[in-house]
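>>> Have a look at this prediction, sequence included:
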Amino acid sequence: MRQSQLFTKTRREAPSDEVSKNAQLLIRAGYVHKEMAGVYSYLPLGRRVLTKIENIIRAEMDKIGGQELRMATLHPSEPWKQTGAWDGVDVLFKIQSRTEKEYALGQSEEEIVTPIAQQYAHSYKDLPIALYQIGQKYRDELRAKSGIMRGREFGMKDMYSFHTTQDDFDRYYEIVKEAYFKIYKRCNLDAKATEASGGSFSEKISYEFMVLTDAGEDDILYCDKCDYCANVEVAKNAEGDACPKCGQTKLQKAKAVEAGNVFDLGQKYPKAFGFTYKAEDGSDHYPIVGCYGMGTTRLMGTIVEVFADAKGIVWPEEVAPFRVHLIEITSDNADVHTEAAELYRELTSAGVEVLWDDRDARAGEKFADSDLIGIPLRIVVSEKTLAAGKFECVERVSGKVEHKSLSELIGRLTS
RNA sequence: CGGGGUGUCGUAUACCGGUAGUACGCUUGCUUUGGGAGCAAGAUGACGGAGUUCAAUUCUCCGCACCCCGACCA
C-alpha cells in the first residue's frame, strides 16, 4: 500500500475527549474514529489489525474443532423473554420497531445458539458441538470508558459448546484454555487464568484470562513462580501472602484486563428451551453448555496499552497492519524513488505486506509517523543507503538498526 | 444511574458583555529535504433553544453531546 494513497493521516495532537492511551494513539495514528461514547469505527489501518486478530482466533478455534457460524445480531425478543434475560439483564439493548414490535441487540448469543443447536442435535451421537462466531456485540453500559476497551458496541469471538457430561465439558475447557493461551502468545501477550465468580448469570465457577496492564479494570493477585492467579474479588488471600499453590514466593497485586472468559453454563439454557438429546439407553437428557468469550477489539486495545512507548504504537509481528514500513527519503536523486519502488515490488511479490511512504514529505515527519503507526520493521531508502548499497532496517520495538541487502531482506522476511 | 466538569475553525488551544486570536492541518506559489522545515498569500469557527441586556461566544435556565469519579459491567 502506498502511503500517499492511504485513506487516513496521522494527527499531531491527541483528541481532548480521550484519556486512555489506546484511544489517543489509535485516533492519532488513524486506526479508529470515534462515533460516540463507547462506539468506534475501524478505519483501514484499524480494520487490518482487527482482521489479523480475528484470523489468529479463528485459526485456533478451528484447530480445536470449533465451527464458525454467523448468528444474527438483531434478535427477536421471544427467546430473551423465555430465559428471563429480557428483564434480568440490564445491559441488554432493547429496541422497538415502528410497528412496536420488540427486538434485542445481541449482547451474548445463548438465546440464539441454543435453539439453533436444538434443531440439529437430537442424539448423544451429535455431541459434543462447538460453535463460534466473531462479530459485533452490543451492551448498554452505563458508562463507556477506557477507549476501545469497554464500549457499547464492540467486537467479540463467542463460542458455545454442548456436551453430554460434565467430564466432557471439563475436558473441552482445558482444550479451549490451551487454545486461548496460544492466541495470547501469538499476540505477544502474557495472560493468566483466574477463577472468578460467574456473576448472577451462572451459579457455577467461571474463568477469566487476565493480561497485566495498568489500563485494566480488575485487580488480581498472582504468583511469579507458578501460574496461580486470582481476582481479588474472590481471592481468599491478600497481597504479600505466601502463594497458596507453590508456596515459593509472596503474592503480588496488579491491575489487569479481562481478555477472555469461560463460563460453565450447566443446563440452564437447554432447560429454558426444552432442548434434550437421546442417550444411548433411549432416555432424554439436557446437554451441558460452555460459553467462551474473547473480545477482539478489547484485545486490540490491550495490545496497544501493553506495548506502546513514548513515540507511539508498537505492534507485535502477527497483528501489525503491515509487516514492513518502507520509508523513502525524499530526494532530488531520482534513483532513490526508483530503488524504493523496486524494493516495494520485490517485497510485495514475495508476499510481504508493505506500507510504502512515498509521500513528498520530510524525513522527520515520515519517521515520526512511522513511530506512531507502529509497524514492526522500518526499511529506509535514501541517498545514504543507495551509496552504501544496503538498506537500513530499524526494529520498531527495540530501535535496533541493521543494514541489509535486498537478498538478505527477502531471506529474512520470507523465512 | 448519583456526583462533578467541559462544549470556540478539521485538530489542539487563547481571549472577551461590544472587530474571535494562535499553532498544526488544508489551498496556492517559491525555497528546503535523515527526526514533525522556512517565507508569502488564502479558505474555514462560538452545540441547540429560551431568557437577561442597547449589545451574548461570554451571564442565567432548559436540552443535547462529551469527559471524569462512583455505582454498574449475566
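Arrived safely, thanks for sending.
>>> use CA for all of it now, contacts and neighbours both
Noted.
>>> Count the residues that sit near A:Ala238.
15 (other Cα atoms under 10 Å).
>>> repeat for A:Thr73
Burial of A:Thr73 is recorded as 17 neighbouring residues (other Cα under 10 Å).
>>> Leaving out chain neighbours, which residue sits closest to it?
Nearest residue to A:Thr73, sequence neighbours excluded (Cα to Cα, 6 or more residues apart in numbering): A:Gly106, at 4.8 Å.
>>> Between its first and last residues, how far does stretch A:103-111 reach?
With Cα to Cα, to the nearest Å applied, stretch A:103-111 spans 13 Å between its terminal residues.
>>> So what touches that stretch?
Residues outside stretch A:103-111 that contact it (Cα atoms under 8 Å, 6 or more residues apart in numbering) are A:71-77, A:79-80, A:83, A:91-97, A:137-139, A:158, A:160, A:269.
>>> Please indicate which of the residues you listed are buried?
Buried residues within those, counting neighbours by 16 or more other Cα atoms under 10 Å: A:71, A:73, A:75-77, A:79-80, A:83, A:92-94, A:137-139, A:158, A:160, A:269.
>>> where along the stretch 101-250 of chain A do the strands fall?
Ranges of strands within the stretch 101-250 of chain A are A:102-105, A:129-138, A:153-163, A:191-196, A:206-212, A:218-222, A:229-231, based on DSSP state E, counting those that start in this stretch.
>>> Just the buried ones among the contacts of stretch A:103-111: which are in helices?
A:Ser77, A:Pro79, A:Trp80, A:Thr83, A:Tyr269 (DSSP state H).
>>> any idea which of the residues you listed is closest to A:Asp170?
A:Asp170 lies nearest to A:Tyr269 out of these, by Cα to Cα, at 17.9 Å.
>>> can you pull the contacts of the spatially closest residue to that closest one that is not a sequence neighbour?
Excluding the flanking residues, the one nearest A:Tyr269 by Cα to Cα, 6+ apart is A:Thr114, at 6.7 Å. The contact partners of A:Thr114, by Cα under 8 Å, 6+ apart, come to A:Tyr269, A:Pro270, A:Phe273, A:Phe275.
>>> most neighbours, which of these?
Result: A:Pro270 is most packed of the contacts of A:Thr114 (other Cα under 10 Å), 25 neighbours.
>>> Can you tell me the closest non-neighbouring residue to that one?
Computed as Cα to Cα, 6+ apart, the closest residue to A:Pro270 that is not its neighbour in sequence is A:Tyr286, at 5.9 Å.
>>> A:Val262 touches A:Ala196, doesn't it?
No: assessed by Cα atoms under 8 Å, A:Val262 is found out of contact with A:Ala196, at 9.7 Å.
>>> Overlap in contacts, those two.
Overlap of the contact sets of A:Val262 and A:Ala196 (by Cα under 8 Å, 6+ apart) consists of A:Ser206, A:Tyr207, A:Glu208.
>>> Distance to A:Gly66 and pLDDT for those - can I get that in TSV?
Supplementary listing: the shared contacts of A:Val262 and A:Ala196 in TSV, determined by distance: Cα to Cα, whole Å; pLDDT from 0 to 100:
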residue	distance to A:Gly66	pLDDT
A:Ser206	20	83
A:Tyr207	19	89
A:Glu208	20	93
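>>> Partner strands of the helix or strand containing A:Arg378, with direction?
If you go by DSSP states H and E, A:Arg378 is part of strand A:377-381. Sheet pairing of strand A:377-381 (DSSP bridges) gives strand A:324-328 (parallel), strand A:391-395 (antiparallel).
>>> any idea how far it is from the chain center?
Distance of strand A:377-381 from the chain centroid (Cα atoms, centre = their mean, to the nearest Å) equals 28 Å.
>>> what residues does the next helix or strand after that strand touch?
Remark: after strand A:377-381, the chain's next helix or strand is helix A:383-388, criterion DSSP H and E. Identification of contacts with helix A:383-388 by Cα under 8 Å, 6+ apart yields A:Ile329, A:Ser331, A:Asn333, A:Val336, A:Phe391, A:Glu392.
>>> which of those are buried?
For these, buried by 16+ other Cα under 10 Å: A:Ile329, A:Val336, A:Phe391, A:Glu392.
>>> can you narrow those to ones near RNA strand B?
Residues of the buried ones among the contacts of helix A:383-388 in contact with RNA strand B (Cα under 7 Å from any atom of the strand): A:Ile329, A:Glu392.
>>> Turn the buried ones among the contacts of helix A:383-388 into a markdown table, including pLDDT.
Shown next, in a markdown table, are these (pLDDT from 0 to 100):
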| residue | pLDDT |
| --- | --- |
| A:Ile329 | 96 |
| A:Val336 | 96 |
| A:Phe391 | 98 |
| A:Glu392 | 98 |
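>>> thinking again about what came up before, distance to A:Arg345 for the strands paired with strand A:377-381 - can I get that in a markdown table?
Shown next, in a markdown table, are those (distance: least, Cα to Cα, whole Å):
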| stretch | distance to A:Arg345 |
| --- | --- |
| strand A:324-328 | 11 |
| strand A:391-395 | 15 |
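>>> looking at the ones you listed, which is closest to A:Thr296?
strand A:324-328 (23.3 Å).
>>> Next SSE downstream of that closest one?
In the C-terminal direction from strand A:324-328 (assignment by DSSP H and E), the next one is helix A:334-349.
>>> Contacts for the helix or strand following that next one, please.
Heading C-terminal from helix A:334-349, the first helix or strand you meet, by DSSP H and E, is strand A:354-357. With contacts defined as Cα under 8 Å, 6+ apart, strand A:354-357 is touched by A:1-4, A:322-328, A:344, A:347-348, A:366.
>>> Just the buried ones from those residues?
A:Met1, A:Gln3, A:Phe322, A:Arg323, A:Val324, A:His325, A:Leu326, A:Ile327, A:Glu328, A:Tyr344, A:Leu347, A:Lys366.
>>> Of all pairs in those residues, which one is the farthest apart?
The widest separation within the buried ones among the contacts of strand A:354-357 (Cα to Cα) is 19.9 Å, between A:Leu347 and A:Lys366.
>>> Go through the strands paired with strand A:377-381 and name the closest to A:Glu402.
Among these, the nearest to A:Glu402 by Cα to Cα is strand A:391-395 (5.1 Å).
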